[in-house]
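1. give me the fold of what follows.
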Amino acid sequence: MAQEKKQVTGIGCGVIVAVMIVILLAVWFIPRIYAYNRSTSKDGVEVEFVVEQGTPLKTIAKNLKKEGLIKYDGMFVRKVKSMDYDNMLKYGTFELNTGMCMEDIIKELASGTSGDTFTLTIPEGYSVQQIAAKLENDGICTKGEFFDALDDDYGYDFIDEIPKVDYDYKLQGFLFPSTYEFFKGATAHDIIDKLLGEFEREYQKLGTNGKQNLYDTVTVASLVEREARLDSERATIAGVIYNRMKNNMPLQIDAAIIYILSDGMYDVDRVLYKDLESDSLYNTYKEPGLPVGPICNPGLSSLKAAINPESHNYLYYHTDESKRDGSHIFTETYDDHLSSMD
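-> You can find the predicted model right below:
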């Protein structure tokens, strides 16, 4: 009987411990769930909140907590991600209120209404050279400052995967085209850092899992970007590029020749037969395989096409002059290619 009494007492202690754990979890969890789900703001104290250019989301959350604008920084990060706003928060000075709910704070930080910032749009397919010219024309920095900043150190792991070869610019292909918000007075280094960070985020989303060679993938994507005019043809053109490499055929990409002729400015209208004799490592008529590096900075659609090319037997394509919409005619043999141009 004494042994049975001891066993019952042990069970009773276990129940008490379990109840205490449940209570502690409830005390910890319930206010966080309430803060996460609260959708209406209330009166509070006005706070001037500054988000510096390049501030990571977790740091923004910690700073909000420090200023008394939120109680739980971890829940704020989860809320931002659940609303798909993790790449939409802007930089600048914002007028926030301690009574604001998380949702309203997030929307305010994404509004970009601060007068201390400026918007910069980098079009898809712009080269390093074109970006430098745009920044100088917009009065943001000089071409020289931009080119010098390309040699700075940037803390992104993917940069270590860029081989040391005789390319024009090491970071060509990795300055992700998009629309950005910067503080007035942002330097060339700040701008490059932001573009590289956006490339890293977007490329990781594509889920390559290391199956593709990063540098080759971006190089193919850059060729697709400058060759394709229609999104529907990007994967098809990527398939042609891979098919030609598989068959040890020169790629013969005119966009690469134009890159050479225009020094990356793409302001040349046509390619002549004599231009195909260039000794450049970017010459896909003379050099086997891919050019020495990307010929522009490709957008997300071209990166997707390079990672997931269309499976087909096409080896040739040319512009469909009859449609005049930028579309191409794709063929499997050289004879069909010639016939399709008649």
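
2. what about the strands in the stretch 151-300 of the chain?
-> For the stretch 151-300 of the chain, the strands defined by DSSP state E, counting those that start in this stretch cover 179-183.

3. low pLDDT regions in it?
-> Low-confidence segments of the stretch 151-300 of the chain, defined by pLDDT under 70: 208-211.

4. show me the helices in it, by range?
-> Using DSSP state H, counting those that start in this stretch, the helices found in the stretch 151-300 of the chain span residues 188-205, 214-227, 234-246, 254-261, 300-307.

5. of the ones you listed, which stretch is the most buried?
-> helix 214-227 (a mean of 24; mean count of other Cβ atoms under 10 Å). Placement of C-beta: from N, CA and C, glycine included.

6. gap between it and the chain center?
-> How far helix 214-227 lies from its chain's middle: 14 Å, per Cα atoms, centre = their mean, to the nearest Å.

7. cool, and stretch 88-106?
-> In terms of Cα atoms, centre = their mean, the centre of stretch 88-106 is set 24 Å apart from its chain centre.

8. tell me the domain ranges of this structure?
-> By the record's domain assignment, the chain is partitioned as 46-115, 118-205, 214-340 (automatic domain parsing).

9. re earlier: nearest to Asn313, of the helices of the stretch 151-300 of the chain?
-> Closest to Asn313 of the helices of the stretch 151-300 of the chain is helix 234-246 (Cβ to Cβ; 7.0 Å).

10. then the closest one to PDB, C-alphas only?
-> The C-alpha coordinates for helix 234-246 follow below in PDB (Å, rounded to 0.1, in the frame of the first residue of the first chain):
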ATOM      1  CA  ARG A 234      12.500  33.400 -72.800                       C
ATOM      2  CA  ALA A 235      12.500  29.800 -71.800                       C
ATOM      3  CA  THR A 236      12.500  28.800 -75.500                       C
ATOM      4  CA  ILE A 237      15.600  30.900 -76.200                       C
ATOM      5  CA  ALA A 238      17.300  29.500 -73.100                       C
ATOM      6  CA  GLY A 239      16.600  26.000 -74.500                       C
ATOM      7  CA  VAL A 240      18.300  26.900 -77.800                       C
ATOM      8  CA  ILE A 241      21.400  28.200 -76.000                       C
ATOM      9  CA  TYR A 242      21.700  25.000 -74.000                       C
ATOM     10  CA  ASN A 243      21.000  22.800 -77.100                       C
ATOM     11  CA  ARG A 244      23.800  24.500 -79.000                       C
ATOM     12  CA  MET A 245      26.200  24.100 -76.200                       C
ATOM     13  CA  LYS A 246      25.300  20.400 -75.900                       C
END
